[in-house]
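A.B. asks: Generate a structure from the sequence data that follows.
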Amino acid sequence: MFEFGYNRDGTGEFIAHNVIATHSGFWYAADNLDKEIKNIVRYRHNYEGFKIAVDKIDIVISIIKGTTDEESAINELQKLGLTQDQAEALMTLNLRIFTAYDSTDLINKISICDKLVPLLREVLAQNDA
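C.D. replies: Residues are numbered from 1 along each chain as shown. Below you'll find the predicted structure:
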């Protein structure tokens with residue numbers, strides 16, 4: 001069995017055989033790839049929601065400040081086009097982290113996820129064969 005490297009900072013090369021795609025600083029045995037694929041798909045979905053929120057940052061902040069509880073804020077954020085999962089993920093972000101995002105950074109993260117998921121599926125399929 002081989003191991004697979006994955007680095008979440010988004011900088012790295014993707015190598016389909018034997019060992020490494022850097023995209024998390026952690027090493028995963030092949031039996032964890034299915035779980036990682038699901039996580040990356042979830043991250044991508046959240047990044048899409050963060051991009052919507054960053055593009056409408058003033059509205060998002062006013063919604064969060066203007067609602068009395070988290071559930072109300074999530075409902076209002078969904079009206080901006082976020083899914084429930086995206087709105088919940090946004091509500092868990094520290095304001096400093098959220099305001100540090102920019103659209104270009106999020107587009108790059110989405111692109112990395114788009115490249116990484118098929119690669120991991122290929123590695124997983126090769127390992128299953």
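A.B. asks: who's in contact with V60?
C.D. replies: Under the criterion of C-beta atoms under 8 Å, 6 or more residues apart in numbering, the neighbours of V60 are 53, 77, 80, 90. The C-beta positions use only the backbone N, C-alpha and C, and glycine is treated the same way.
A.B. asks: Next, T68: phi, psi?
C.D. replies: phi -90, psi -20 (degrees, to the nearest 10).
A.B. asks: now L93
C.D. replies: The phi/psi pair for L93 (degrees, to the nearest 10) is phi -70, psi 140.
A.B. asks: separation between it and T67?
C.D. replies: Here L93 is placed at a distance of 16 Å from T67 (C-beta to C-beta, to the nearest Å).
A.B. asks: burial count for N32?
C.D. replies: Other residues lying near N32 total 16 when counted by other C-beta atoms under 10 Å.
A.B. asks: about what we covered before: for the contacts of V60, work out which two are farthest apart.
C.D. replies: Spanning the widest gap among the contacts of V60 are L80 and L90, at 10.0 Å by C-beta to C-beta.
A.B. asks: Now for the two: what residues contact both?
C.D. replies: 53, 60.
A.B. asks: what's the single longest helix in this protein?
C.D. replies: helix 103-128 (DSSP state H).
A.B. asks: Kindly provide the whole-number mean pLDDT of that one.
C.D. replies: Helix 103-128 carries an average pLDDT of 85.
A.B. asks: circling back to that earlier point, restrict the contacts of V60 to the buried ones and give me that as a ChimeraX selection.
C.D. replies: The following ChimeraX selection, which keeps only the buried ones among the contacts of V60, applies the criterion 16 or more other C-beta atoms under 10 Å:
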select :53,77,80,90
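A.B. asks: Perfect, I'm done here.
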